[in-house]
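Asks: let me see the structure of the following:
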Amino acid sequence: MFGRKQDGLEARIRQAELLTELMRSRRPFCFLRMGDMELVYLLSHQNGRTESLEFGDGPLSGTQGCGNPGLDLQYAQRLWQAYQLADYVDFHEKNWPNEHLVPHLKLNRSPDSFRNPTKETSLVFLTWTDRELKKYCQERRVGFAGAEARLLEILSKTSAFKSAAADYWPFQGAVFFHQARNDGRNLNANLDLVKDDLRKFATDNRLDTLFISLGGGAKIIGFELSRELGICCFDFGAMMRALTYSGCDGNRVARSPHSPFLFRMPFGTFMDALEAAMPDLTPAELLAKAHGQLILEVMKKEVGWTFASWEYDFSPENRTAFSRAHRLYRDRYARLFQTGPDAKKERAGFLHFCGTHGLTLEGRLFLVKFRIKQIVRRCLGLSW
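Replies: From the prediction side, this is the model:
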């Protein structure tokens, strides 16, 4: 879905270095990415068909991938303006839907603005975070805002994070965190209230640069705040999940549609931080988060790159990491398995996944029983 990391890597590294130079030298400055869902949104707006767009929150599931831009039709014009006037836009043509759809988008961008010059240099935010984030932030006042911000703040203080993230995290910088929507504000219904929160966060902490992970809302808020405050705003997307090694988005209880990778976090360390950052999760929600984290262990991984939620790698290294985490998971969360219908359903979905991929004996036994029940129902002509 996202192509190969090695294709165009050297050119992408040079583009990441250019992006750093622009971020250092220009104020205001705004970097945006063109997600595939935002692209469909803009094309529908361009062609007058936005009434057909619907974005749901998806299921409660630690095994199924789900995502959406978090915005409905009322923000189409502001989103269009953000992309048209942003200083640098990465159009993400290495994401295969974008490769075919971007040429149909009729943005009228200034000739003085910047964009990824080729398909191979798109997805530059992955390479930039891998190679440039630490040195860019070292002597700046920077803020991280998003649904995983509190989780990142807690993890950044752990010895496991300090060891694993040594090559990526600006431990010597002045870093601040803002947990978006931690007061129950819905991004779509309250975009301008969320923007006001971030304006206050940026001004109170005298931020030079604000990294925002808020789906489609990051595009509008980032562009507008960069102009209003004269700062650098960076559409950080999934990279806050990479820095926390999160299998699920912070704002939903479903696996993320894709997962960029920088380093692993021990399951226990992650779950300690998750429970501290999100203390109000129900048993089913906590199980879903744990399952998403376990499945992350067997996803394809390449440092500084991302893979879709269905791209697995059952290598010995990944299986060993899964088994180690799974033992702790059983000790820690077995008490939740029978706490209600939602928890039981979530647990069943995870066992089915484990059985399908031969990850656990319990999963294999569950899958055998599941298939026997299917055969019996078909023989008896029963419906589900």
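Asks: what are the ranges of the helices in the stretch 51-200 of the chain?
Replies: Using DSSP state H, counting those that start in this stretch, the helices of the stretch 51-200 of the chain run over residues 76-85, 96-101, 124-131, 133-137, 149-155, 159-164, 191-204.
Asks: the first one packs against which elements?
Replies: Yep, that's helix 76-85 we're talking about. The contact analysis (3 or more Cβ pairs under 8 Å, 6 or more residues apart in numbering; DSSP states H and E) places helix 76-85 against strand 29-33, helix 36-46, helix 215-229. Quick note: C-beta positions are derived from backbone N, CA and C, even for glycine.
Asks: ok, Thr339 - how many residues close by?
Replies: Using other Cβ atoms under 10 Å, Thr339 has 15 neighbouring residues.
Asks: ok so, going back, closest to Pro283 out of the helices of the stretch 51-200 of the chain?
Replies: helix 149-155 (19.3 Å; Cβ to Cβ).
Asks: for the protein, what helix or strand is lowest in average pLDDT?
Replies: strand 61-65 (a mean of 70; mean pLDDT, DSSP states H and E).
Asks: point out where the stretch 51-200 of the chain drops to low pLDDT.
Replies: Within the stretch 51-200 of the chain, the ranges that satisfy pLDDT under 70 run 51-59, 65-70, 181-185.
Asks: for this protein, which segments count as strands?
Replies: Along the chain, the segments classed as strands by DSSP state E run 29-33, 61-65, 88-90, 114-115, 141-146, 174-179, 209-213, 232-235, 254-255, 258-261, 305-308.
Asks: most packed of these?
Replies: strand 232-235 (a mean of 29; mean count of other Cβ atoms under 10 Å).
Asks: give me the contacts around it.
Replies: Residues from elsewhere that reach strand 232-235, judged by Cβ atoms under 8 Å, 6 or more residues apart in numbering: 23, 26-33, 125, 208-212, 218-219, 221-223, 225-226.
Asks: and that strand, what's its mean pLDDT?
Replies: Averaged across strand 232-235, pLDDT comes to 98.
Asks: how many residues are close by Val376?
Replies: Counted with other Cβ under 10 Å, Val376 comes out at 10.
Asks: can you check Leu207 too?
Replies: Leu207 is flanked by 24 other residues according to other Cβ under 10 Å.
Asks: does it really touch His178, like I thought?
Replies: No: using Cβ atoms under 8 Å as the test, Leu207 is too far from His178 to be in contact (9.8 Å).
Asks: overlap in contacts, those two.
Replies: Counting by Cβ under 8 Å, 6+ apart, the contacts common to Leu207 and His178 are Gly143, Phe201.
Asks: in a markdown table: the strands of the chain, plus distance to Leu336.
Replies: Below are these laid out as a markdown table (distance: least, Cβ to Cβ, whole Å):
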| stretch | distance to Leu336 |
| --- | --- |
| strand 29-33 | 36 |
| strand 61-65 | 12 |
| strand 88-90 | 41 |
| strand 114-115 | 47 |
| strand 141-146 | 27 |
| strand 174-179 | 24 |
| strand 209-213 | 28 |
| strand 232-235 | 36 |
| strand 254-255 | 18 |
| strand 258-261 | 24 |
| strand 305-308 | 29 |
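Asks: with respect to Leu367, which of those strands lies nearest?
Replies: Proximity to Leu367, assessed across those by Cβ to Cβ, is greatest for strand 61-65 (13.4 Å).
Asks: helices or strands next to the closest one in the packing?
Replies: Strand 61-65 sits against strand 254-255, helix 283-296, helix 341-356, with contacts defined as 3+ Cβ pairs under 8 Å, 6+ apart.
Asks: deepest-packed of these, please.
Replies: Comparing the helices and strands packed on strand 61-65 by mean neighbour count (mean count of other Cβ under 10 Å), strand 254-255 ranks first with a mean of 26.
Asks: by contact count, what packs against that strand?
Replies: strand 61-65, helix 283-296.
Asks: need the phi and psi values for Gln6.
Replies: Phi and psi for Gln6, reported as degrees, to the nearest 10, are phi -70, psi -20.
Asks: from Ala202, how far off is it?
Replies: Separation of Gln6 from Ala202 (Cβ to Cβ, to the nearest Å): 37 Å.
Asks: the more surrounded of those two?
Replies: Each of Gln6 and Ala202 has its neighbours counted (other Cβ under 10 Å); Ala202 has more, 24 against 11.
Asks: OK, contacts around the residue nearest to Gly173 when sequence neighbours are not counted?
Replies: In this structure, Gly173 finds its nearest non-sequential neighbour in Cys137, 4.4 Å apart by Cβ to Cβ, 6 or more residues apart in numbering. Contacts for Cys137 (Cβ under 8 Å, 6+ apart) come out as Pro170, Gly173, Val175, Thr209.
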